[in-house]
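Peer 1: What shape does this take:
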Amino acid sequence: MAIEIGAGINIGGGIIVAPAGATAPGAPTIGVATATGTTTATVAFTAPVSDGGATITSYTATSSPGGVTGTLSQAGSGTITVTGLTASTSYTFTVTATNSVGTSSPSSASNSITTQSVIPVRKAIFGYGFIGSLLSMTNLVSDTGVVANDTTGVGSARNGLAAAGYGTDKAIFGYGQNSGGITSVTNLVSNTGVVATDTTGVGTVRMYLSAAVYGTDKAIFGYGTTDSGNSGSTALTNLVSNTGVVANDTTGIGTVRYNLAAAGYGGDKAIFGYGVTSSSLSMTNLVSNTGVVATDTTGVGTARNGLAAAGYGTDKAIFGYGRYPTFTAITNLVSNTGVVANDTAGVGTARNKLAAAGYGTDKAIFGYGSNNDVGEVSMTNLVSNTGVVGNNVTGVGTARNELAAASYGS
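Peer 2: Residues are numbered from 1 along each chain as shown. Below you'll find the model as predicted:
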């Protein structure tokens, strides 16, 4: 507590005496405000020319909106840390100075900042596939990359399908081939990993297609074949709303192909890549944050098919594995602007017809698949948040290929 008892008197004991004629300080000069996290920011300032004749003891930054404050106890210029802000929110700040007499008027407002978005902690799900017969099993993946035992009996058993996240925390499996032939069946996945019964008859039936999230909360199915081979190859896409509703076909975007892969990148966009028509391809097609598919970009990495892809590192993607015509463990990283890097070779067992998904806040997992030497496998390979693929983890769930995977939960 500060007690003013007279001009220039210092009585000690923590009692602060204002000099004769002292006033509140002048307003500080605002500096640069910077968002430093989901709930934090820093605000720089310069001390006022006048301290009012009494030493400045502290500075306070105040947010607008919200009136959230941060304080720095010192006399001179500095930077104040403000905590307790709200994620994904725009703020400006003013700064005041305080001495033993009082508090200054506020500085002018700072530049506007937006706090960072909360990164969801995601899980993943592998589903369906084939090993001598069609399967309807799923395997949940924890947010630390641990694969759970089989869950069986979820929807129509099928292979050659695709999957993607939607609605920020759910997923959808779609299309493929079941006992009745090639289908357009979809199955929604709740944010707890529970797979719903079949929804039928949305878009052209096809298999060996791919899917990815786009626009932060929607999904897109794309390409595939209507007859399990080259003659039925398509460039069809079907958008999925943030409530899991699949739209009618959009036709004729990019080269028709199947056995390709897709993933989200850049926070709100997607990329389709590679695949096969009469031969393996190394082309990609970017997807805007409104679901518009771009024309072909060719010549990115080794041509191959039967590969998988997933997002990693919050805004990048990775394509991995496949066949070209031999089985491969090649990966290709994708930047947050959709640029595909050159091949990285030799990570884990070479295989194709596998699946991949993001998990945690920023990592990915490749899982399952097959090659001619070992047949179907139940191995997985974790991907770090810098795109480094780990060694094989074996023995998780039923070995199979031609399955799909997606992220879910938050």
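Peer 1: Outline the domain layout of this protein.
Peer 2: 29-114, 123-408 (automatic domain parsing).
Peer 1: Need the winner for burial among those domains.
Peer 2: Greatest average neighbour count among the domains of the chain goes to domain 123-408 (a mean of 21), per mean count of other Cβ atoms under 10 Å. No exception for glycine: its C-beta is placed from N, CA and C like everyone else's.
Peer 1: Quick check, central residue of the protein?
Peer 2: The residue lying closest to the centre of the chain (Cα atoms, centre = their mean) is residue 314, at 4.1 Å.
Peer 1: For that residue, give me its contacts.
Peer 2: The contact partners of residue 314, by Cβ atoms under 8 Å, 6 or more residues apart in numbering, come to 119, 267, 361, 362, 385.
Peer 1: Next one: it, what pLDDT does it get?
Peer 2: If you check residue 314, the pLDDT there is 87.
Peer 1: And residue 374, by the same measure?
Peer 2: Note on residue 374: pLDDT of 85.
Peer 1: What separation do you get for it and residue 355?
Peer 2: Distance, residue 374 to residue 355, by Cβ to Cβ, to the nearest Å: 17 Å.
Peer 1: Repeat that for residue 95.
Peer 2: Separation of residue 95 from residue 355 (Cβ to Cβ) stands at 53 Å.
Peer 1: follow-up on the earlier one: export the domains of the chain to a markdown table and tack on distance to residue 20?
Peer 2: Compiled in a markdown table, the domains of the chain are given as follows (distance: least, Cβ to Cβ, whole Å):
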| stretch | distance to residue 20 |
| --- | --- |
| domain 29-114 | 8 |
| domain 123-408 | 59 |
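Peer 1: closest one to residue 23 among these?
Peer 2: Ranking those by proximity to residue 23 (Cβ to Cβ) places domain 29-114 first, at 4.1 Å.
Peer 1: circling back: of the contacts of residue 314, which pair is most distant in space?
Peer 2: Taking Cβ to Cβ, no two of these sit farther apart than 267 and 385, at 14.8 Å.
Peer 1: Among the domains of the chain, which one carries the weakest average confidence?
Peer 2: Across those, domain 123-408 gives the lowest mean pLDDT, at a mean of 94.
Peer 1: what's the first-to-last distance across that one?
Peer 2: By Cα to Cα, to the nearest Å, the extent of domain 123-408 from end to end equals 5 Å.
Peer 1: Same check on stretch 214-226?
Peer 2: End-to-end distance (Cα to Cα), stretch 214-226: 24 Å.
Peer 1: Just list the residues touching residue 242, thanks.
Peer 2: Residue 242 sits in contact with 166, 167, 168, 217, 218, where contact means Cβ under 8 Å, 6+ apart.
Peer 1: Name all residues that make contact with the second one.
Peer 2: By Cβ under 8 Å, 6+ apart, the contact set of residue 167 is 217, 242, 243, 244.
Peer 1: again, but for the last one
Peer 2: With contacts taken as Cβ under 8 Å, 6+ apart, residue 218 has the following neighbours: 166, 239, 240, 241, 242, 291.
Peer 1: want to throw the residues you listed into a markdown table with secondary structure and distance to residue 370?
Peer 2: What follows is the contacts of residue 218, written out as a markdown table (DSSP: H, G, I helix; E, B strand; the rest coil; distance: Cβ to Cβ, whole Å):
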| residue | secondary structure | distance to residue 370 |
| --- | --- | --- |
| 166 | strand | 28 |
| 239 | strand | 31 |
| 240 | strand | 28 |
| 241 | coil | 34 |
| 242 | coil | 34 |
| 291 | coil | 32 |
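Peer 1: which one of those residues is nearest residue 49?
Peer 2: Checking the contacts of residue 218 against residue 49 with Cβ to Cβ, the nearest one is residue 242 at 53.7 Å.
Peer 1: Could you pull up the residues touching the residue nearest to the closest one when sequence neighbours are not counted?
Peer 2: Nearest residue to residue 242, sequence neighbours excluded (Cβ to Cβ, 6 or more residues apart in numbering): residue 217, at 4.2 Å. By Cβ under 8 Å, 6+ apart, the contact list for residue 217 reads 166, 167, 168, 242.
Peer 1: how close does residue 217 sit to residue 369?
Peer 2: Residue 217 sits 29 Å away from residue 369, going by Cβ to Cβ.
Peer 1: No further questions, thank you.
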